[in-house]
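Chemist: Predicted model and sequence follow; I will ask about them next.
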Amino acid sequence: MAAASDSGALACPPARERTGHDPADLAQVAALEEEVFATQAWSPRLLRCELDAHATRGDRRYVVAAQGQEVLAYAGAYLGDGAGEADLLVVATAPWARRRGLAGTLVTTLVDDARRAGCRSVLLEVRESNAVARRLYQSHGFEVIGRRRRYYADPQEDAVVMRLVLRETTGPVGAEVV
Ligand SMILES: CC(C)(COP(=O)(O)OP(=O)(O)OC[C@H]1O[C@@H](n2cnc3c(N)ncnc32)[C@H](O)[C@@H]1OP(=O)(O)O)[C@@H](O)C(=O)NCCC(=O)NCCS
């Protein structure tokens, strides 16, 4: 996983990239995933597949914010071939490391990656009731563009769809892939 930084003890370590198979990162991310998302957590196996795809395919990016060897936050995005929309897949910060700007740093890193890849926008889904995450995304310029009914389970809930436009184009969302 890529990391958004590793500058030591401070309010907000930078993002750094996980470049290959790092069992220590994977174990920590899997533990955080389970702690933060509980029954909705990605399995360690799925996480490994995603990180492998990051390392080998280049169509997605995973970053962590770490202090020394300790992973404090992680995030991932699907960039595809860079011709269309990127998807912000996950953002999470350890409960004891929140409100230090870590998630914001990771979101900025992934948005910059999407822009560099040529993506025209970044999309995401977020639980309607997740006011903290929605505020995080709003503060990074994401706007609500729709809703997916009953998108989430346990508890069942609608998703709010948000988008950050990186470059203006004409035509409907996804038109470039048909
Ligand atoms: C949402 C989450 C990732 C934010 O992580 P974080 O590292 O604490 O976020 P940051 O410190 O970078 O905060 C960035 C902005 O988010 C908003 N924010 C973060 N925590 C907030 C809180 N408790 N109350 C209100 N706004 C908050 C603020 O706008 C904040 O900017 P500010 O501090 O300048 O006001 C974290 O709370 C988390 O892991 N939640 C559980 C998982 C989740 O919901 N992930 C998102 C859906 S996939």
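Modeler: Great, that's in hand. These numbers were taken from a predicted model, which means no experiment stands behind them. Residues are numbered from 1 along each chain as shown.
Chemist: okay, CA-based contacts and neighbour counts for the rest of this
Modeler: Will do.
Chemist: Assumed Gln28 was part of a helix.
Modeler: Yes. Judged by DSSP: H, G, I helix; E, B strand; the rest coil, Gln28 forms part of a helix.
Chemist: Quick check: chain neighbours aside, which residue is closest to it?
Modeler: The shortest distance from Gln28 to any non-neighbouring residue, by C-alpha to C-alpha, 6 or more residues apart in numbering, is to Val71 (6.4 Å).
Chemist: How many neighbouring residues does the one you found have?
Modeler: Residues lying near Val71 (other C-alpha atoms under 10 Å) number 21.
Chemist: is it in a bridge, and if so with what?
Modeler: Beta bridges link Val71 to Ala66 when assigned by DSSP bridges.
Chemist: who in this structure is up against the ligand?
Modeler: Contact residues (C-alpha under 6 Å from any ligand atom) of the chain with the ligand: 36, 90-93, 98-104, 126, 132-133, 135-136, 139.
Chemist: Mind checking which of these land in strands?
Modeler: The members of the residues of the chain next to the ligand that map onto strands under DSSP state E are Val90, Val91, Ala92, Thr93, Val126.
Chemist: so what's the residue nearest to Ala73 when sequence neighbours are not counted up against?
Modeler: Counting by C-alpha to C-alpha, 6+ apart, Thr93 is the residue found nearest to Ala73 once chain neighbours are left out, at 4.1 Å. For Thr93, the contact set (C-alpha atoms under 8 Å, 6 or more residues apart in numbering) comprises Leu32, Leu72, Ala73, Tyr74, Leu102, Ala103.
Chemist: if you set the cut-off to 7 Å instead, what comes out?
Modeler: Shown in contact with Thr93 (C-alpha atoms under 7 Å, 6 or more residues apart in numbering): Leu72, Ala73, Tyr74, Ala103.
Chemist: Helix, strand or coil: sort out Tyr151 for me.
Modeler: Local secondary structure at Tyr151 is given as strand here, using three-state DSSP.
Chemist: how near is it to Val64?
Modeler: For Tyr151, the distance to Val64 equals 26 Å [C-alpha to C-alpha, to the nearest Å].
Chemist: Tell me who's in contact with Asp158.
Modeler: Asp158 makes contacts with Arg127, Glu128, Arg147, Arg148, Arg149, Arg150, Tyr151, Tyr152, as judged by C-alpha under 7 Å, 6+ apart.
Chemist: who wins for neighbours among those?
Modeler: Neighbour counts for these (other C-alpha under 10 Å) peak at Arg127, which has 19 neighbours.
Chemist: That one is in contact with Met162, isn't it?
Modeler: No. With contacts counted by C-alpha atoms under 7 Å, Arg127 stays clear of Met162, the gap being 10.9 Å.
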